[in-house]
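Undergrad: Return a 3D structure for these sequence lines:
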Amino acid sequence: MGAAAAVALGVGLAAGIPAATASAAPAQCTPQGRAAAVAQAAPAIAGVLARHPDLATELAHVRTVPKDQRRTEIRAFRKTHREEFKELRQARMPIRDHHRECHPKR
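TA: Sure, this is the predicted structure:
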């Protein structure tokens, strides 16, 4: 351990500031970390789509619409299906959390 690190550690301990622990794991901002987030969310997303076949049909339909019309299409559907979109949003949380941690807004 270098002298500067030893001093910093000593100051932190003397001030009552806990040293960093391994339990505070940073986000895995790697392709493997993203794949893990997707794998974690996939069963929940599949469950939402199975419970709401109209949502699954709409999402499949939106993929066939030209890109410039997709946002309008999905907003119109979302206005009448708020609970389904709320469930889908909750199911996607691991993916959203990974994205938020690895791609912070500047």
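Undergrad: From the chain's centroid, how far away is the longest helix anywhere in the chain?
TA: Determined from DSSP state H, the single longest helix within the chain is helix 31-51. Distance, stretch centre to chain centre, for helix 31-51: 10 Å (C-alpha atoms, centre = their mean, to the nearest Å).
Undergrad: ok, now stretch 56-76?
TA: Using C-alpha atoms, centre = their mean, the offset of stretch 56-76 from its chain centre is 22 Å.
Undergrad: ok, Ala50 to Lys86 distance?
TA: 16 Å (C-beta to C-beta, to the nearest Å). Every residue, glycine included, has its C-beta placed from N, CA and C.
Undergrad: how about the helices in this structure?
TA: Under DSSP H, the chain gives helices at 3-14, 31-51, 53-62, 67-80, 82-91, 93-102.
Undergrad: Without its sequence neighbours, what residue ends up closest to Arg89?
TA: In space, and not counting its chain neighbours, Arg89 is closest to Arg96: 7.8 Å by C-beta to C-beta, 6 or more residues apart in numbering.
Undergrad: Oh, that last question was meant for Ala41, not what I typed.
TA: Using C-beta to C-beta, 6+ apart, the nearest residue to Ala41 is Pro94, at 4.4 Å.
Undergrad: count of neighbours near that neighbour?
TA: Other residues near Pro94 come to 17 when the count uses other C-beta atoms under 10 Å.
Undergrad: can you pull the contacts of it?
TA: Ala37, Val38, Gln40, Ala41 (C-beta atoms under 8 Å, 6 or more residues apart in numbering).
Undergrad: same thing but 10 Å
TA: Ala36, Ala37, Val38, Ala39, Gln40, Ala41, Ala42, Ala44, Ile45 (C-beta atoms under 10 Å, 6 or more residues apart in numbering).
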